[in-house]
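Q: The sequence and its predicted three-dimensional model are supplied below.
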Amino acid sequence: MTDKDDNTAKFQAIRLQRFYLAQLNYLITYVVIGAAWMAGQYNASASQAAGHVVLGVVLQLGIFAILKCGLNLRFKDPSLTSPQIIIAMLLLTYLLAFSGEFRGSLIMVYPIILLFGVFQLSRSAFFYHAGLALLLYSGLIVYNTLAERSTQPLSVHMLEWFVLACFLAWLSFFCTYIRELRERLQRRHNTLQLHQETLKGMMGQLQNLADTDSLTGLTNRRFFLKEAQRRINLLGPLNKLGIALIDLDNFKRINDCHGHATGDEVLQGFARLASKSLRDQDMIARFGGEEFILLLNNADLATLHQCVDRLRNAFANTQFAGLPEGEHCTFSAGLCLIAAEQDLEARIHQADEALYRAKEAGRNRSETHEAAYA
């Protein structure tokens, strides 16, 4: 599942939660209908009262089916805020049409219905729905007056309309202010999140710079020691790591005779050659100056010798542009194995002793410390 699918599923779950919350309002309305009918304040038959409830349930089941099937995602507002508000207002108007003397108490449900759109509706949409509520109640007043169904004078109904209009106007301004405030906070949150991502990227770059040798692009001594120790801690009892301490032969002479630019070229060439020759799980680092250190995963002496000798022969046969034709570079290496719970610094020191013997024996060769055979 992609991140987009995850976000869609998350927002669909939120929309369903809002839908379930709205059903509490409908449940209260159904209870009010039942109580009004029992108290003789619902001016219709029991079948009409039941029909009102059934109509509300059927409409809400339709909305629920649309949300569950994902058909709502085809609309501009997947929350279906406006349709749900309009349905609720029509049902409330239907209830008010058959209400008795307590109708004035129920008109304040219109503002409660409008609250459903506090985070979704724009200012103009909010005023549109508030106007719809006033229009529906106005139509109800006209209908009751012409049909002579109300026992109260028209002035009382007009006062109710005026109070409703005042509340709806205030609610429209207040809710749109809340929505704009929420959007402003969301923009600030997004900006802060963007800054955090940028900062994480910069921190990653700084960490990469701190762990990488700028000339060769290999990891540096600090990172090598940390990573090698981590791998030692993870070693099984029968596994070992191979360590090779590598020093380029007569490197000072290359710098003195051919310049530091040529010396840098040789260091970079060795780094490229070593990176291509190693497995993904192996590691090569610049240990300092012309010295490099190699770490082989799950190695024995034969594998370690074979890997270092293959790299040594390839390096000895490489022609660098800054060197005269026929002049090649070589390196010497000291080898050692390290097992779980052994001291890394001690093993590197033993590899350094083996490297010294390789230099003494004529260079361009590998020597193994005796402890590697233990």
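A: Done, it's in. Numbers count the residues shown, from 1 in each chain.
Q: OK, contacts around Leu304?
A: 242, 244, 296, 335, 337 (C-beta atoms under 8 Å, 6 or more residues apart in numbering). From N, CA and C alone the C-beta is placed, and that goes for glycine too.
Q: Columns secondary structure and pLDDT on top of those, output as TSV?
A: Shown next, in TSV, are the contacts of Leu304 (DSSP: H, G, I helix; E, B strand; the rest coil; pLDDT from 0 to 100):
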residue	secondary structure	pLDDT
Gly242	strand	93
Ala244	strand	94
Leu296	strand	93
Leu335	strand	94
Leu337	strand	93
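Q: Quickly name whichever of those is closest to Met89.
A: Met89 lies nearest to Leu296 out of these, by C-beta to C-beta, at 75.0 Å.
Q: rewinding a little: buried subset of the contacts of Leu304?
A: Among the contacts of Leu304, the ones that count as buried by 16 or more other C-beta atoms under 10 Å are 242, 244, 296, 335, 337.
Q: ok, the residue nearest to the third one when sequence neighbours are not counted to Leu225 distance?
A: Nearest residue to Leu296 in three dimensions, chain neighbours excluded: Gly242, at 3.6 Å (C-beta to C-beta, 6 or more residues apart in numbering). When distance is defined by C-beta to C-beta, to the nearest Å, Gly242 is 16 Å away from Leu225.
Q: just checking, Leu235 touches Ala339?
A: Yes - using C-beta atoms under 8 Å, Leu235 makes contact with Ala339 at a distance of 6.6 Å.
Q: Which other helices and strands does the worst-scoring helix or strand of the chain on mean pLDDT contact?
A: One helix or strand of the chain scores below all others by mean pLDDT, DSSP states H and E: helix 103-106, with a mean of 74. Helices and strands touching helix 103-106, as assessed by 3 or more C-beta pairs under 8 Å, 6 or more residues apart in numbering; DSSP states H and E, comprise helix 81-97, helix 154-211.
Q: As CSV, these with distance to Leu59 and mean neighbour count would be great.
A: Output for those, formatted as CSV (distance: least, C-beta to C-beta, whole Å; neighbours: other C-beta atoms under 10 Å):
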stretch, distance to Leu59, mean neighbour count
helix 81-97, 5, 19
helix 154-211, 23, 13
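Q: Out of those helices, which is closest to Gln350?
A: Short answer: helix 154-211, nearest of these by C-beta to C-beta, at 25.4 Å.
Q: Just checking, which helix or strand succeeds the closest one along the chain?
A: helix 221-234 (DSSP states H and E).
Q: That following helix versus helix 154-211: what angle between them?
A: Relative orientation of helix 221-234 versus helix 154-211 (axes from the mean of the first three to the mean of the last three C-alpha atoms, to 10 degrees): 100 degrees.
Q: Okay, buried residues for helix 221-234 please.
A: 223-225, 228, 231-232.
Q: now swap in stretch 323-330 and tell me
A: 323, 329.
Q: any idea which element Cys336 lies in?
A: Going by DSSP H and E, Cys336 is in strand 331-339.
Q: So what's the gap between that strand and the chain middle?
A: Distance of strand 331-339 from the chain centroid (C-alpha atoms, centre = their mean, to the nearest Å) equals 44 Å.
Q: That strand to helix 221-234, inter-axis angle?
A: Going by the same axes, to 10 degrees, strand 331-339 makes 30 degrees with helix 221-234.
Q: which helices and strands does strand 331-339 pack with?
A: Using 3+ C-beta pairs under 8 Å, 6+ apart: strand 331-339 touches strand 240-248, helix 301-316, helix 344-360, strand 366-368.
Q: Just name the most buried of those.
A: Among the helices and strands packed on strand 331-339, ranked by average contacts under mean count of other C-beta atoms under 10 Å, first place goes to strand 240-248 (a mean of 24).
Q: Output the contacting helices and strands for the next helix or strand after that one.
A: The first helix or strand that comes after strand 240-248 along the chain, using DSSP H and E, is helix 251-258. The contact analysis (3+ C-beta pairs under 8 Å, 6+ apart) places helix 251-258 against helix 260-277.
Q: Tell me the helix or strand right after the helix it packs on.
A: strand 283-288.
Q: what do Leu235 and Ala339 both touch?
A: In contact with both Leu235 and Ala339: Leu241, using C-beta under 8 Å, 6+ apart.
Q: tell me which residues in the least confident helix or strand of the chain are buried?
A: Buried, per 16+ other C-beta under 10 Å, within helix 103-106: 103-104.
Q: So which residues make contact with it?
A: 32, 92, 95-96, 99, 156, 160.
Q: how far is that helix from where the chain is centred?
A: 48 Å.
Q: Tally up the residues packed near the nearest residue to Leu267 once chain neighbours are set aside, please.
A: Nearest residue to Leu267, sequence neighbours excluded (C-beta to C-beta, 6+ apart): Thr216, at 5.6 Å. Number of residues near Thr216 (other C-beta atoms under 10 Å) recorded here: 21.
Q: rewinding a little: check the contacts of Leu304 against Leu80 and report the nearest one.
A: Taking the contacts of Leu304 together and measuring to Leu80 by C-beta to C-beta, the closest member is Leu296, at 62.1 Å.
Q: Correct me if wrong: the closest one contacts Lys240.
A: No - the pair Leu296 / Lys240 is not scored as a contact, 9.2 Å apart, by C-beta under 8 Å.
Q: Can you give me the end-to-end span of stretch 276-289?
A: 21 Å (C-alpha to C-alpha, to the nearest Å).
Q: Just the mean pLDDT for it, thanks.
A: Looking at stretch 276-289 alone, the average pLDDT works out to 89.
Q: buried set for that stretch?
A: For stretch 276-289, by 16+ other C-beta under 10 Å, it's 277-278, 282-287.
Q: got a list of contacts for that stretch?
A: Contacts of stretch 276-289 (C-beta under 8 Å, 6+ apart): 213, 215-216, 218-221, 223-224, 227-228, 245, 251, 267, 271, 274-275, 292-297, 307, 310-311, 314.
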